[in-house]
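S.K.: predicted structure and sequence below. I'll ask about it afterward.
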Amino acid sequence: MLEAMQRAFSIPELKKRILFVLGMFLIFAIGAHIPVPGIDPKKMAAIMGKGAGTLLGMMDVFSGGALRRMSLFAMGIAPYINASIIMQMMTFGIPQLEQLSKEGEAGRKQIARITRNLMVVLAAIQSFGMTFIFTQGGVHMGILTRLQICVALTAGSTLLLWLGEQVTQNGVGNGVSLVIFAGILLSLPYQSQMILVQLRAGTVTWVNLLALIVAFVGTVYAIIYITQGTRRIPIQHTKRVIGRSQTQAGASYLPIKVNTAGVIPIIFAISIMLLPATLLNVVPGQPGVGFVGMLKDFSLKLNPGNTWWSTLIYALFVIIFTYFYTAIVMNIQEMSDNLRKYGSYVPGIRPGKPTYDYLERVVSRITMAGAFFLALVAVVQYIVPAFTHLQSFTLVGGTSLLIVVGVAIETMQAIEAQLLMRNYEGFIKGGQS
C-alpha cells in the first residue's frame, strides 16, 4: 500500500488532487472550531450532556464535535443528506421529477439545483429548531440572536456542501461522503481522550480496551467483506445489427451488491427511535413525574441500548427500511425491460415476466442478507459497550463505522482508477504485492 501511495504522489496531477482533499479537510477542521456568537459554551456542553441519547448526540458525532462546541459547522452536512433522501423518494413519486432524472446531464443538474435549494430551507428550519431546544435547555436568547445563529449555521452547512462539490470536481472520490468522513474522524481525539480518562480513573482496564480493539477490527473486516460482496447474475448477449454496425454475441454478468441500501436504513431507523426523546427533551418536566414525565421516561427506554426490547425494535426497523430503500433505488422492472430491449437474457430464463420474477427472487434473498448484516452492525454499537464498559467510543459499529469504511473503500477505488488510467499497478494490488 505504501508503494502504491508513493506511485500516486509521483503523478503530479494525482498528487495535486490528493493534496486538495487534505486541504479541504484542514478547512473543515478550522471551521469546526469557529464558535457561533450568542451561545455560552458551558451551557451548550451541559445541554449536549443531557442530549447524549437524542438526535443531537448523533449529529454531534457526524459533525466531529462541532455541535458540542456550537461552531460554524455544528449541523454538518446533515441538511443536504436529508434533502437528497427526500428528492430521491420524490423522484419515484412525482412524474415530473422522474422525467427529469431520465433527461441525462441537464436533468440531473436541474435536480441537483432543486436539492441545493431544499437543503437551504431544511438547514434554516433545523437551525431554528435547535435554537428552540437551546432555549428550553436554559440558554436565553433574543430574536436577533436566534436569527444570527440560524444564518450562521445555515451558511456553515452551505459552505460544507460547496467544499464537498469542490472535492468531487478537483479531488479524489465523492466530496460529500468525504466531508462526512472527515467529520466522524474529527471526533476521534475526543473519544480517545475519554477512554484515557476512564483508564486513569480505573473505571476500565486494559483488558476492556483490548476487547474494544478486537471488536473494532472484527467489525471493520465484516463491513469490508459485505460492502465488497456482490451476486453476479450471468447475462447472455445475442448478436445484434444496429444500422451498418453489428454487435457480437457474448456473455457478461449483472452485479447486485449485498448491501445495496448502504447506510440509509440505519439513519432512518435511529432517527425514528431517537425522535420521541428529542422532541420531549424540550418539554418542561422531570422523567417519571406526571403524564409528560411518564412519556419522557418511556422515550428514554425507547432509545436503542437502554432496554433489550428497544434494541430489538431498532434492529427490526433497520431490516424493514433496508427492504424499503432497496425497492426505491433498484427498479427490477426496469432492469428486466432493459435486458429484453437490448437483446440480453439470463441463461435458462425466458425474457419478460419470468426474468422479472427471477431477478426479484434473487434481489429479495440478497437484500435479506444485507438487511440482517446492517441490523447486526447497528446493534453492535450498543452490545460492545456493555462488555467493555467503554461507553464513550461511539465509532465501534453503527452508522459511523459503516460510513468511514465505505468512504475509505470508495476513495481507494477512485485512486486505483486514477493509477490504472496511467498504466500503473492498482492501489490495492500494489499494497498486496
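M.R.: Looks like it came in fine. Please read all numbers here as calculations on a predicted model, not as lab measurements.
S.K.: name the nearest residue to Gln110, sequence neighbours excluded.
M.R.: Leu100 (5.6 Å; C-beta to C-beta, 6 or more residues apart in numbering). Placement of C-beta: from N, CA and C, glycine included.
S.K.: count of residues packed around that neighbour?
M.R.: Counted with other C-beta atoms under 10 Å, residues neighbouring Leu100 total 18.
S.K.: quick check: mean pLDDT of stretch 402-419?
M.R.: Taken as a whole, stretch 402-419 has a mean pLDDT of 82.
S.K.: can you list the buried residues in it?
M.R.: By 16 or more other C-beta atoms under 10 Å, the buried positions in stretch 402-419 come out as 402-408, 410-416, 418-419.
S.K.: next one: stretch 110-128
M.R.: Neighbour count says stretch 110-128 has 111, 115, 118-120, 122-124, 126-127 buried, by 16+ other C-beta under 10 Å.
S.K.: could you dump the residues you listed to JSON lines with pLDDT and distance to Leu212?
M.R.: Converted to JSON lines, those look like this (pLDDT from 0 to 100; distance: C-beta to C-beta, whole Å):
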{"residue": "Ile111", "pLDDT": "86", "distance to Leu212": "42"}
{"residue": "Thr115", "pLDDT": "89", "distance to Leu212": "38"}
{"residue": "Leu118", "pLDDT": "91", "distance to Leu212": "39"}
{"residue": "Met119", "pLDDT": "90", "distance to Leu212": "36"}
{"residue": "Val120", "pLDDT": "91", "distance to Leu212": "40"}
{"residue": "Leu122", "pLDDT": "89", "distance to Leu212": "36"}
{"residue": "Ala123", "pLDDT": "89", "distance to Leu212": "35"}
{"residue": "Ala124", "pLDDT": "89", "distance to Leu212": "40"}
{"residue": "Gln126", "pLDDT": "84", "distance to Leu212": "33"}
{"residue": "Ser127", "pLDDT": "85", "distance to Leu212": "35"}
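S.K.: now, those that are in helices?
M.R.: For the buried residues of stretch 110-128, the ones inside helices are 111, 115, 118-120, 122-124, 126-127, with DSSP state H as the criterion.
S.K.: which among those residues gets closest to Lys301?
M.R.: For these, the residue nearest Lys301 by C-beta to C-beta is Gln126; the value is 26.2 Å.
S.K.: who's in contact with that closest one?
M.R.: By C-beta atoms under 8 Å, 6 or more residues apart in numbering, the residues touching Gln126 are 75, 78-79, 153.
S.K.: tabulate those in TSV, adding columns for neighbour count, secondary structure and distance to Ser187.
M.R.: Converted to TSV, the contacts of Gln126 look like this (neighbours: other C-beta atoms under 10 Å; DSSP: H, G, I helix; E, B strand; the rest coil; distance: C-beta to C-beta, whole Å):
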residue	neighbour count	secondary structure	distance to Ser187
Met75	23	coil	15
Ala78	24	helix	14
Pro79	25	helix	19
Leu153	27	helix	18
